[in-house]
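Give me a model of this one.
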Amino acid sequence: MSDPGDILERLRRLRAEDAPTHGGRVMSYVYDSGRPELDDLADAAARLARPLNGLDPTVFPSISAMERDVVAFAKRMLHGGGSVVGSITSGGTESCLLAVKTARDLWRRSHPEAPAGSRPRLVTTTAVHAAFQKAAALFDLDWDPVPVGASGHARASDLIARLGDDAALVVVSAPAYPTGVLDPVAEVAAAASARGISCHVDACFGGFVLPWWPGLPDWDFRVRGVTSISADLHKFGYAPKGVSVLLHRGLRRHRAQFFATTRWSGYPVVNPTLLGSKSASPLAAGWAIMQHLGSSGYADLVGSITRAAAAVRAAVDGIPGLTMLGDPVGPAIAVVADLSAPEGERVDPHRLADALVGYGWKIQHQPGLMQADGVRIPHSAHLTLTPVLEQGVHEFTAALVAASDSVRGKPQADAGMLLAGMRMLGYGDGGRVPGPAAAWRLLRLAGTGKVSPDQPMAVLMALIEQLPHEVSEALLAELLARMSEP
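Numbers count the residues shown, from 1 in each chain. Sure thing, here's the model as predicted:
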């Protein structure tokens, strides 16, 4: 047996290779409140709940008690009336999957005339979180993505035009993760309600921020026609991963989310979510933080985000060749090259993201997307703004200016030679996709046979953007698979 101290020391060495999770220097994936006491509280609550199994709250009633409190708080936060009920899930992806699964099952019940095996549609924007593509694939729906404008804004009329009898669900984002843009919730939900179609608001990202963000139109359960909302506690609820809440309007809708069976020789199985056995630690941590902060505490943290956002936006406005994409609200913005500037003065966002690593900051590369209508969403860099950033916002904006100066005039990375080589090998032609061995050779040829927090990503992003989706997805799947193979 290994010594526990040696084991923990090895883990500390492994963790030293990770990007920093505190201080706001990694502007995606992690959400730092800037309040160490919240981490301490979460750790203590998670430890108390560590032995529990969320599979059966009749054995562990503390789980039901914490779920009731979290759902009740989320209902008030999102202006849900007495008919709104919900469940705690393992994260945003599970909340999104369950929203789609529930809508699909209700659609099947209300369309008994539909031929067996018929596939309803899932209507979203192209900017909706990728979890909904996964949901469509898993639950056998046709994903129907509606193009957005080049600025990331969705047009209500375009979404409404896609609503029909075969649409099981329409999804709008509050806000869309890539850009921070708030979708036209009220118009789409009203049209969906008139047609008897479910409407889900994906607020996984903004659900614990937008209720306190000033000057927004109604987007939650105040909007007639909104039938479900997801909001993640492990984002701006500041809980450890993974825990989210999914709320439904109406008992019938909520119960359609459940799986229950007595058709086996073991104990009766009743699962409100996709998981059976599940940890209660993230729930306990999120519950404890929620009890401590209350509405006023979340409002204070949102105030820090709004001030940091104002400072970052002002900095971007003052950088020649760089601009924001769209009109973001809440805790995210995306920056793009300012195409109104001369080429020699533009700041490529992926070059900028690579350069910022040298200044101690990490923002997220986002490839451009050519949509079905021919409108291209430009490649961009995403910034998630957290409360802790307010403390270091002047340092960050100074780094943003300096990094922009260092890459100004450099064009988007050129993956032309790699792309030509892949096409010579026939990948992408006729749907040909590289297998694992070929994908790994191509990745190493591209210089991306490993990923680390400080590795430049501009060339890989350019390659992803220009390759057929099936090919780029095969390469990325191979890259991630190789990272964890012995």
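
Can you give the distance of the lengthiest helix in the chain from its chain's centre?
Looking only at the chain and at elements set by DSSP state H, the helix with the highest residue count is helix 281-317. Relative to its chain's centre, helix 281-317 lies at 17 Å (CA atoms, centre = their mean, to the nearest Å).

got a list of contacts for the helix or strand following that helix?
Secondary structure here is assigned by DSSP states H and E; on that basis, the next helix or strand after helix 281-317 toward the C-terminus is strand 322-324. Taking CB atoms under 8 Å, 6 or more residues apart in numbering as the criterion, the residues outside strand 322-324 that touch it are 313, 316-317, 333-338, 346-347, 349, 352, 404. Placement of C-beta: from N, CA and C, glycine included.

Tell me which two in those residues are the farthest apart.
Between all members of the contacts of strand 322-324, the longest pairwise span (CB to CB) is found for 313 and 346 and amounts to 18.8 Å.

can you tell me which of the contacts of strand 322-324 are in strands?
Applying DSSP state E to the contacts of strand 322-324, the entries found in strands are 333, 334, 335, 336, 337.

Spell out for me the ChimeraX command that would select the buried members of the contacts of strand 322-324.
Only the buried members of the contacts of strand 322-324 end up in this ChimeraX selection, burial being decided by 16 or more other CB atoms under 10 Å:
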select :316,333,334,335,336,337,338,346,347,349,352,404
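
Over to the residue nearest to residue 286 when sequence neighbours are not counted: give its phi and psi.
Excluding the flanking residues, the one nearest residue 286 by CB to CB, 6 or more residues apart in numbering is residue 239, at 3.3 Å. Backbone dihedrals for residue 239, given as degrees, to the nearest 10, come out at phi -90, psi 160.

Tell me who's in contact with residue 239.
The contact partners of residue 239, taken as CB under 8 Å, 6+ apart, are 42, 233, 282, 285, 286, 289.

Try it again at 10 Å.
31, 38, 42, 45-46, 70, 208, 232-233, 281-290 (CB atoms under 10 Å, 6 or more residues apart in numbering).

Can you tell me the SS state at residue 205?
coil (DSSP: H, G, I helix; E, B strand; the rest coil).

wait, isn't it in contact with residue 182?
No. In this structure, residue 205 is not within contact of residue 182 by CB atoms under 10 Å, at 11.1 Å.

Buried ones in stretch 29-45, by neighbour count?
Going by neighbour count (16+ other CB under 10 Å), the buried part of stretch 29-45 is 30, 31, 32, 33, 34, 35, 38, 39, 41, 42, 45.

Name the nearest of these relative to residue 65.
For these, the nearest to residue 65 is residue 45 (13.0 Å; CB to CB).

Now do the lowest-mean-pLDDT helix or strand in the chain: distance to the chain's middle.
None of the helices or strands of the chain scores lower by mean pLDDT, DSSP states H and E than helix 416-424, at a mean of 73. Distance of helix 416-424 from the chain centroid (CA atoms, centre = their mean) equals 32 Å.
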